[in-house]
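# Give me the fold of what follows.
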Amino acid sequence: MRITLLVLLGLLLGALGGAALGIGAGLAWVELFRTSSLEGDGGTLVFLTFMPLGAAIGGVGGALLFGVIAIRDAEIAIAQQAVRRRDR
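Numbering: from 1, shown residues only. Down below sits the predicted model:
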């Protein structure tokens, strides 16, 4: 249960961070490649392309990272408990 909650937390935090990075990357793209700002084309590109892509990539990455950390922590805790029981 704890691993699942940590994966969901990683998904949420990763999506938020990825969306923020996606907005930054989109704004940099608009400035570097001088995307037209006529009728909000630059903003549409940033908020309908870069932000969702960043959120998706960040969410998957955060979930994987938190999941791996949680699984490794669970394995270490189990191994430590087994050693303590043998000592007694």
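
# For the residue nearest to Ala55 when sequence neighbours are not counted, the count of nearby residues, please.
With sequence-adjacent residues excluded and distances taken as CB to CB, 6 or more residues apart in numbering, Ala55 is closest to Ala19, at 4.0 Å. Heads up, the C-betas are built off the backbone N, CA and C, glycines and all. Applying other CB atoms under 10 Å, we find 21 residues neighbouring Ala19.

# Can you list the buried residues in the strand or helix carrying Gly26?
Assigned by DSSP states H and E, Gly26 falls within helix 2-32. Under the neighbour-count criterion of 16 or more other CB atoms under 10 Å, helix 2-32 has 6-7, 10-11, 13-15, 17-19, 21-23, 25-26, 29-30 buried.

# So for it, mean pLDDT?
The pLDDT scores in helix 2-32 average 95.

# Against which helices or strands is that helix packed?
helix 41-45, helix 51-87 (3 or more CB pairs under 8 Å, 6 or more residues apart in numbering; DSSP states H and E).

# mean pLDDT lowest for which of these?
helix 51-87 (a mean of 81).

# Of all residues in the protein, which one is nearest the centre?
Centroid check for the chain by CA atoms, centre = their mean gives Gly14 as the closest residue, at 2.1 Å.

# Now do the same contact list for that residue.
58-63, 65-66 (CB atoms under 8 Å, 6 or more residues apart in numbering).

# Now it. Nearest residue, chain neighbours left out?
Gly62 (1.9 Å).

# hang on, the one you found packs against Leu6?
No: using CB atoms under 8 Å, Gly62 makes no contact with Leu6, being 10.2 Å away.
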